[in-house]
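**Student:** sequence? don't have it. structure:
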């Protein structure tokens, strides 16, 4: 088994997964609506980029032909109820149906830590419904649930570093929200190990894994880490709930993808840390890295206003 279809392969996590699977000898097919979006992976000899709309059932069926496995990384952080349903529920359902039609049984699905059918955010609820759809599809399924993912090219710690290079203070909603951030390379290793499924303490088929790092940190602590290693550490001003909602509402009205939404705030009302109800990265042979050891290696490589504007421009495309 060495042919894999990677949905979401041009995104932040997807780029790292492409590199990891390529090094392990996999042949990876990456669909994208615009080939120019795949510049970061097109140079890899075993990566084939195809312009396609994965939401089109006929095109999805064609993409699965000849594949041994599929990895689904497609997700959105902001949007309407319909947008979340389309990305997180309808696409997994269509993917499962296409897998059944093409005889592709192996799937690794990247969900999210904290998903719940009765969760406080649309993101969490739709992700949970997507998991349910796939569990009932008769696939050889592995589900990975990462906490917030950091690493080279992220729009999390990098963004907070850039903000602190520009502004004298960071007004922060949900400053006390707790996370257990995981390095993108560890998530990529978990995906590769799941596909390989050999030499592990347990088979990954039929399992759900919580992908978290060793550090439990508040959002305010993560912002301070980003400033310390990336630009300069600015004071963090925790916002009361009402002001946080107002800040998120204003950001939703700005052009491009918002830096923060009210749905994000709703998700942060519950801790994004491991529940211990599911096995973790160690069950996949991965020793997770600390944000303290990784962040200094990539933060601050480009700084200030120019990269913040780059983010706003790319998000609006």
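**Tutor:** On my side now, so go ahead. Remember, it's a predicted structure, so these values are computed and weren't measured experimentally.
**Student:** and residue 198, what pLDDT?
**Tutor:** Residue 198 is assigned a predicted lDDT (pLDDT) of 85.
**Student:** Can you get me a residue count around it?
**Tutor:** Counted by other C-beta atoms under 10 Å, the residues lying close to residue 198 total 8. The C-beta positions use only the backbone N, C-alpha and C, and glycine is treated the same way.
**Student:** who are the neighbours in contact with it?
**Tutor:** Residues counted as contacts of residue 198 (C-beta atoms under 8 Å, 6 or more residues apart in numbering): none.
**Student:** name the element it belongs to?
**Tutor:** Here residue 198 is covered by no helix or strand, with elements defined by DSSP states H and E.
**Student:** and it, backbone torsions?
**Tutor:** Taking degrees, to the nearest 10, you get phi -140, psi 150 for the backbone angles of residue 198.
**Student:** State the distance from it to residue 188.
**Tutor:** According to C-beta to C-beta, to the nearest Å, residue 198 and residue 188 sit 18 Å apart.
**Student:** How about residue 208: what's its closest non-neighbour residue?
**Tutor:** Closest residue to residue 208 apart from its sequence neighbours, by C-beta to C-beta, 6 or more residues apart in numbering: residue 143 at 4.4 Å.
**Student:** quick one, what contacts that neighbour?
**Tutor:** 108, 109, 110, 111, 131, 134, 135, 207, 208, 209.
**Student:** how many other residues sit next to the fourth one?
**Tutor:** Under the neighbour criterion other C-beta under 10 Å, residue 111 is assigned a count of 23.
**Student:** where does it fall, phi/psi-wise?
**Tutor:** Main-chain torsions, residue 111, degrees, to the nearest 10: phi -100, psi -130.
**Student:** For the residue of the chain positioned farthest from its centre, which non-adjacent residue is closest in space?
**Tutor:** Distance from the C-alpha centroid of the chain, by C-alpha atoms, centre = their mean, peaks at residue 168 (29.5 Å). Excluding the flanking residues, the one nearest residue 168 by C-beta to C-beta, 6+ apart is residue 234, at 6.1 Å.
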